[in-house]
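**Q** have a look at this prediction, sequence included:
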Amino acid sequence: MTVSQTLERPGPIPATAGIGLRGPHHSQVLTDTPSIAWLEVHSENFFAPDSIAANALERIRADYPLSLHGVGLSIGSAGPLAREHLTKLGQLVDRLDPCLVSEHLCWGAVGGYHLNDLLPLPYTDEALDHMAQRINEVQDFLGRQILIENVSSYMEFKDSTIPEWEFLAAVADRSGCGILLDINNIYVSASNHGFQATDYLDAIPVEKVGEMHLAGHSVQVYDDQTVLVDTHDAPVCDDVWALFEVALRRFGTRPTLIEWDSDLPALATLLNEANTAQDMMDKAHELAA
Amino acid sequence: MSSLRNLQDQCYRAFLLGDTEGLLPELVSREIPAPVSVQVYQNNARETYRKALVAGYPVIARLVGEDCFRGLAQKYMRDYPSTSGDLQNFGVVFPKFLSELYGDSNYAHLPDVARLEWAVEEVQLDGESERIDFDALSRLDPGRYANVRFSRSESARLVCSDYPILSIWRTNQPGQEADVDLDSGSEQVVVRRLEGSVELNLINPIATSLAAHLDAAETLDGAAQALASELGDDPNFDFTTALQQLTSSGLLSGFAVN
């Protein structure tokens, strides 16, 4: 009998705003049980089943719908799929019975060595075949659909022949996965590579989008060249809020997450950001009605 | 080799090892010049690994200072590249790395402090430490004590050093300010997790020796005799205190009687 059969847990995730839960906020969430519709965590931080963090999350899970968001599976890497990593993810999914499971449209390891980064793929037919096949493998292993998130990028490959948004849509079509649309990542990549963020949104099939992400980024300067970098260390900027408004008009309301990983602020700050997102979602819902 | 694999190899060489020759011709220089693209990812890698190490080794970071630690992290990521998608594993050989760098120097205490910090990390990931059943032990017929075999806790860690590593660790916690005399003697520390908190307890060198004999699956009587033979007329030899330290620190967690 699986965990999900033995315990009643909150879910599914509603089309409302949630927050990314990080270690420094575990005890406050356990103590205060703040009013937030759902939570998302990085899967890898809970692979050790008896860790202090995993024990805390088991208790938190009793009160909140939960999404697992992986950052280390490296689905797009050319070598064999990391079976040990995938097995740990599967065990975590069995333990927590999450409402959503997501990974990234990226690679991060080669020849057994990891870069521990979310690196963009060359958008080629070869990479498309590879990515779709790998996502199928993961979904078969986990026995469920996953969502795939677009990443921020700071480089483009000469080999690329397909726009990223078409590549993402094709991956979702061929593998049957859903899409986690990161609005900040679209904004960052559009700014870095000079494409229209709205072109990206327009190319994504509405029915495929299962979740959206909002986050802060930083502006960095290298040799007098300005680059936006997805650092998750700041509030969502006005331009990204504006793009989120466009996304809401196209996709309607979806589970939407405030992500903040570095220079983590007080929990109240994250909750305020989520409230802002929720207000926009409520307004969009009213307009659509 | 597929073109995808080849590109990923080139990215690895450029971002981790600084060899950009193969990658630069593969990149578009439009909004962002290709060399800048590489710099961004190189910087991301350095920061990711530095932050992962600081999270696991905050005392080492404080002892060596920000600039030195940044340099150490950069060398470590090249000498011991990550082999896991889970960054929590990245620091596992950092103590060995520090030992290779500083083993014979004035900073020879750093690898041992790092081993203590990693033990603190590990017990947070492992399960709660088991407690020895003192009631059952107290009910035991004293005539059978000689044949008791103790077992070591699977989740507790023993870290031994010629340096005062626990004193260094404690005085380098946030808000603490104190100098520790590196010549103030060795310290042996048991690290365990109890009721969700990490606990660090000092044990004396005799208790450490006793633990080694008990590890060799010797009965209590056998370990006592071996220890007496080893220590001879050492005035500090107090078998009862040594055994109490091993049980109360959590290093021993079970027993059986032959």
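**A** Cool, got the structure. Numbers count the residues shown, from 1 in each chain, chains lettered A, B, ... in the order given.
**Q** show me what contacts the residue of chain B found nearest chain A?
**A** Using C-beta to the nearest C-beta, the single residue of chain B nearest to chain A is B:Gly85, 2.7 Å away. From N, CA and C alone the C-beta is placed, and that goes for glycine too. For B:Gly85, the contact set (C-beta atoms under 8 Å, 6 or more residues apart in numbering or on different chains) comprises A:44, A:71-74, A:82, A:85, A:108-109, A:114, A:116.
**Q** ok, B:Thr240 next?
**A** Applying C-beta under 8 Å, 6+ apart, we find B:Thr240 in contact with no residue.
**Q** which element, helix or strand, includes it?
**A** helix B:239-248 (DSSP states H and E).
**Q** now that helix: buried residues?
**A** If you call a residue buried by 16 or more other C-beta atoms under 10 Å in any protein chain shown, then helix B:239-248 has these buried ones: B:239, B:242-243, B:245-247.
**Q** for chain B, just list every one of the strands.
**A** For chain B, strands defined by DSSP state E occupy the ranges B:148-152, B:157-161, B:187-194, B:197-203, B:252-257.
**Q** and if you look at the stretch 1-150 of chain A?
**A** A:17-20, A:39-42, A:66-69, A:100-104, A:107-110, A:113-119, A:147-149 (DSSP state E, counting those that start in this stretch).
**Q** what sits closest to A:Lys137 if chain neighbours are left out?
**A** Just to correct that, residue A:137 is Glu rather than Lys. The spatial neighbour of A:Glu137 that comes closest, neighbours along the chain excluded (C-beta to C-beta, 6 or more residues apart in numbering or on different chains), is A:Leu81 at 5.8 Å.
**Q** my read: that neighbour touches A:Asn136, true?
**A** No: contact criterion C-beta atoms under 8 Å: A:Leu81 and A:Asn136 do not qualify, at 10.7 Å.
**Q** and the residue of the stretch 151-289 of chain A that's closest to chain B?
**A** Residue of the stretch 151-289 of chain A nearest chain B, by C-beta to the nearest C-beta: A:Met155 (3.6 Å).
**Q** residues in contact with that residue?
**A** For A:Met155, the set of contacting residues under the criterion of C-beta under 8 Å, 6+ apart consists of A:120, B:27-28, B:32, B:34, B:37-38, B:40-41.
**Q** now stretch A:93-102: buried residues?
**A** Applying a neighbour-count criterion of 16+ other C-beta under 10 Å, the buried positions in stretch A:93-102 are A:93, A:95-102.
**Q** could you see whether chain B lies near it?
**A** No: under the criterion of C-beta under 8 Å from any C-beta of the partner chain, chain B is not reached by stretch A:93-102; the shortest gap measures 14.2 Å.
**Q** that stretch spans what distance, first to last residue?
**A** Start and end residues of stretch A:93-102 are separated by 11 Å (C-alpha to C-alpha, to the nearest Å).
**Q** contacts made by it with the rest, please.
**A** With C-beta under 8 Å, 6+ apart as the contact definition, stretch A:93-102 has outside contacts at A:2-4, A:7, A:9, A:11-13, A:38, A:40, A:43, A:46, A:49, A:54, A:57-58, A:61, A:65-70, A:89, A:142, A:144, A:146-149, A:180, A:210-211, A:255.
**Q** out of these, which are buried?
**A** Buried, going by 16+ other C-beta under 10 Å: A:9, A:11, A:13, A:38, A:40, A:43, A:46, A:54, A:57, A:61, A:65-70, A:89, A:146-149, A:180, A:210-211, A:255, out of those.
**Q** number of nearby residues for the spatially closest residue to B:Lys96 that is not a sequence neighbour?
**A** Excluding its sequence neighbours, the residue lying closest to B:Lys96 (C-beta to C-beta, 6+ apart) is B:Pro111, at 7.5 Å. B:Pro111 is flanked by 23 other residues according to other C-beta atoms under 10 Å in any protein chain shown.
**Q** that older thread, can you list the strands of chain B in a markdown table and add mean pLDDT and mean neighbour count?
**A** Conversion of the strands of chain B to a markdown table gives the following (pLDDT from 0 to 100; neighbours: other C-beta atoms under 10 Å in any protein chain shown):
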| stretch | mean pLDDT | mean neighbour count |
| --- | --- | --- |
| strand B:148-152 | 93 | 18 |
| strand B:157-161 | 97 | 21 |
| strand B:187-194 | 96 | 23 |
| strand B:197-203 | 96 | 17 |
| strand B:252-257 | 92 | 16 |
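**Q** including distance to chain A, could these go into TSV?
**A** Below are these laid out as TSV (distance: least, C-beta to the nearest C-beta, whole Å):
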stretch	distance to chain A
strand B:148-152	18
strand B:157-161	15
strand B:187-194	7
strand B:197-203	8
strand B:252-257	15
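**Q** so for A:Gly216, which of those sits nearest?
**A** Comparing these against A:Gly216 with C-beta to C-beta, the closest turns out to be strand B:197-203 (32.2 Å).
**Q** any idea of the angle the closest one forms with strand B:157-161?
**A** With axes from the mean of the first three to the mean of the last three C-alpha atoms, to 10 degrees applied, the angle from strand B:197-203 to strand B:157-161 works out at 40 degrees.
**Q** which strands border strand B:197-203, and is each parallel or antiparallel?
**A** When sheet partners are counted by DSSP bridges, strand B:197-203 sits next to strand B:187-194 (antiparallel).
**Q** A:Val246: neighbour count?
**A** 14.
**Q** done for today, thanks.
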